[in-house]
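Visitor: heads up, no residue letters with this:
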């Protein structure tokens, strides 16, 4: 069925599911610091106001492990799994594997990414495969090869082209329907998957290495090379980089937050934090700010030179939490085993969705907001999940203790309820 937005194969009751722009990720700053009493421990509260709908193998998914989610402009939801690529129209799943789609080098799907021209790009794990889907056809751009050349980051460039970065540091570009390598330098393995961005001059910035060996890289169109930091930043580890909504570059290091000014990164003072706070992650916020979070799972929003709201710390984390993005309400979203799905508001309120309140697993690997505002989760141990606000309320729960046989609404909008032995009730709003 096609509606006015040309959504395909969707039942009338589901016609609006997949019709809003995908939310862009947000910028968070993460660190470990002495907040001098300005943060508070925040025990997670259950998200009881959400309706949870799940799909797994019994409903048509080829595997219960979902690795990636994307929505294309035609309304389809695309799902990466460990046993193939899946297209979902709200009713049916269409599964693509190397057996029925030979352009896919492997069944294990890594990233899903839609380019500015509407092309869907699919990466495969353990071998560096890359496939383009456009006009209803698949095209293999990179076959299965060296595992170090697995694509770990994809970026829409300001020019409308699409950039792909491998774990090895090699880079490719899709432009005008053509695909080609732009850098074959593999000296900086491994590249951090989330920390790749473009500045306003079209240069590409990356973070590579792990732990004490991490470093900042820049590709200027000719070569990929390490960038040295100055002053107190020179003594720290580079751990994150992000570009905010205004185009400003921010750097997170073990010696504090920094911002690109002119031709170098300069330290930025975070009010209420030590000058050399350990900043471990960055993720750009839709409102132009930055979120601050750290190794001990504290976070607070930084905007216009100050911390906004209340910085808080998530209690009871058993292993680790990873950033998933920002929801439509401006909350930070986190996941990974075995924490379920955790959100933190700018005011410091922490909420958690886990198997105790409807989540079919504990390991959330991917997050997406569709065009209608529905939230989708991909779980490594529970398939696909859709979250919607719970809009059901119970009327007359303490009064209607017998069977209800009929319900009718009059011209004034009042609800009349007929029961078996307790007579007739009339509701005006929430009053009976």
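Guide: Sure, I can see it. Computed from a predicted structure; not experimentally measured.

Visitor: CA atoms for contacts and neighbours, from now on please.
Guide: Fine.

Visitor: In the stretch 51-200 of the chain, what residue spans correspond to strands?
Guide: Assigned by DSSP state E, counting those that start in this stretch, the strands in the stretch 51-200 of the chain fall at 66-71, 77-81, 84-88, 93-96, 109-114, 120-124, 129-134, 137-142, 151-156, 162-166, 171-175, 178-183, 191-198.

Visitor: Let's have the ones you listed in TSV, adding mean neighbour count, mean pLDDT and distance to residue 282.
Guide: Written out in TSV, the entries for those read as follows (neighbours: other Cα atoms under 10 Å; pLDDT from 0 to 100; distance: least, Cα to Cα, whole Å):
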stretch	mean neighbour count	mean pLDDT	distance to residue 282
strand 66-71	26	98	21
strand 77-81	26	98	25
strand 84-88	23	98	30
strand 93-96	18	98	34
strand 109-114	23	96	20
strand 120-124	26	97	24
strand 129-134	21	96	27
strand 137-142	17	97	30
strand 151-156	23	95	15
strand 162-166	23	96	18
strand 171-175	19	97	22
strand 178-183	14	96	25
strand 191-198	22	92	8
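
Visitor: Format these as TSV; extra columns: distance to residue 255.
Guide: Converted to TSV, the strands of the stretch 51-200 of the chain look like this (distance: least, Cα to Cα, whole Å):
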stretch	distance to residue 255
strand 66-71	33
strand 77-81	37
strand 84-88	42
strand 93-96	46
strand 109-114	32
strand 120-124	35
strand 129-134	37
strand 137-142	39
strand 151-156	26
strand 162-166	27
strand 171-175	29
strand 178-183	30
strand 191-198	18
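
Visitor: Out of the ones you listed, flag the one nearest residue 235.
Guide: Proximity to residue 235, assessed across the strands of the stretch 51-200 of the chain by Cα to Cα, is greatest for strand 191-198 (20.1 Å).

Visitor: So for residue 229, which of the strands of the stretch 51-200 of the chain sits nearest?
Guide: Proximity to residue 229, assessed across these by Cα to Cα, is greatest for strand 191-198 (17.0 Å).

Visitor: and the helix or strand just after that closest one, which strands flank it?
Guide: Of the helices and strands lying after strand 191-198 in sequence (DSSP states H and E), the nearest is strand 204-208. Its sheet considered, strand 204-208 pairs with strand 191-198 (antiparallel), strand 215-219 (antiparallel) by DSSP bridges.

Visitor: quick revisit: right, and the strands of the stretch 51-200 of the chain - which one's nearest residue 325?
Guide: Each of the strands of the stretch 51-200 of the chain was scored for nearness to residue 325 using Cα to Cα, and the closest is strand 191-198 (10.9 Å).

Visitor: quick check: angle from the closest one to strand 151-156?
Guide: When axes from the mean of the first three to the mean of the last three Cα atoms, to 10 degrees is applied, the directions of strand 191-198 and strand 151-156 differ by 10 degrees.

Visitor: Over to residue 407. Which of the three states is it?
Guide: Put simply, residue 407 is strand when judged by DSSP: H, G, I helix; E, B strand; the rest coil.

Visitor: Skipping its backbone neighbours, what lies nearest it in space?
Guide: Closest residue to residue 407 in three dimensions, ignoring its sequence neighbours and counting by Cα to Cα, 6 or more residues apart in numbering: residue 417, at 4.7 Å.

Visitor: Would you check that the one you found makes contact with residue 428?
Guide: No. Assessed by Cα atoms under 8 Å, residue 417 is found out of contact with residue 428, at 11.6 Å.

Visitor: what residue ranges in the chain score low on pLDDT?
Guide: Residues of the chain that meet the criterion pLDDT under 70 lie in 1-48, 273-276, 294-296, 311, 391-398.

Visitor: just to revisit the earlier point, which stretch of helix or strand covers the residue nearest to residue 407?
Guide: Here residue 417 is assigned to strand 415-419, by DSSP H and E.

Visitor: Give me the sheet partners of whichever helix or strand comes after that strand and which way each runs.
Guide: The C-terminal neighbour of strand 415-419 among helices and strands, as given by DSSP H and E, is strand 424-427. Paired strands of strand 424-427, with direction, are strand 415-419 (antiparallel) (DSSP bridges).

Visitor: Who are the contact partners of the nearest residue to residue 143 once chain neighbours are set aside?
Guide: Nearest in space to residue 143, with sequence neighbours left out and distances taken as Cα to Cα, 6+ apart, is residue 129 at 4.7 Å. Residues touching residue 129, when contacts are defined by Cα atoms under 8 Å, 6 or more residues apart in numbering, comprise 104-106, 123, 140-145, 150-151.

Visitor: What is the nearest of those to residue 257?
Guide: Using Cα to Cα, residue 151 is the member of the contacts of residue 129 that sits closest to residue 257, with 27.9 Å.

Visitor: Show me what that closest one bridges to in the sheet.
Guide: Residue 151 forms beta bridges with residue 166, as assigned by DSSP bridges.

Visitor: Could you measure from it over to residue 351?
Guide: Look at residue 151 and residue 351: by Cα to Cα, to the nearest Å, they are 33 Å apart.

Visitor: returning to what we had before: how close does the residue nearest to residue 407 get to residue 385?
Guide: Separation of residue 417 from residue 385 (Cα to Cα): 35 Å.

Visitor: and if you look at residue 83?
Guide: Residue 83 is 18 Å from residue 385, where distance means Cα to Cα.

Visitor: ok, now residue 203?
Guide: As judged by Cα to Cα, residue 203 and residue 385 stand 37 Å apart.

Visitor: now do residue 406
Guide: On the measure of Cα to Cα, residue 406 and residue 385 end up 34 Å apart.

Visitor: Equivalent analysis for residue 173, please.
Guide: Here the distance between residue 173 and residue 385 works out to 33 Å (Cα to Cα).

Visitor: again with residue 66
Guide: Applying Cα to Cα, the value for residue 66 to residue 385 is 10 Å.

Visitor: Residues that sit against both of those two, list them.
Guide: Common contacts of residue 66 and residue 385, defined by Cα under 8 Å, 6+ apart, comprise 378-379.

Visitor: Show me what counts as buried in stretch 239-258.
Guide: If you call a residue buried by 16 or more other Cα atoms under 10 Å, then stretch 239-258 has these buried ones: 239-245, 249-258.

Visitor: Among those, which lie within strands?
Guide: When the buried residues of stretch 239-258 are checked against strands using DSSP state E, the ones located there are 239-243, 249-253, 256-258.

Visitor: Counting neighbours, what do you get for residue 189?
Guide: Residue neighbour count, defined by other Cα atoms under 10 Å, stands at 18 for residue 189.
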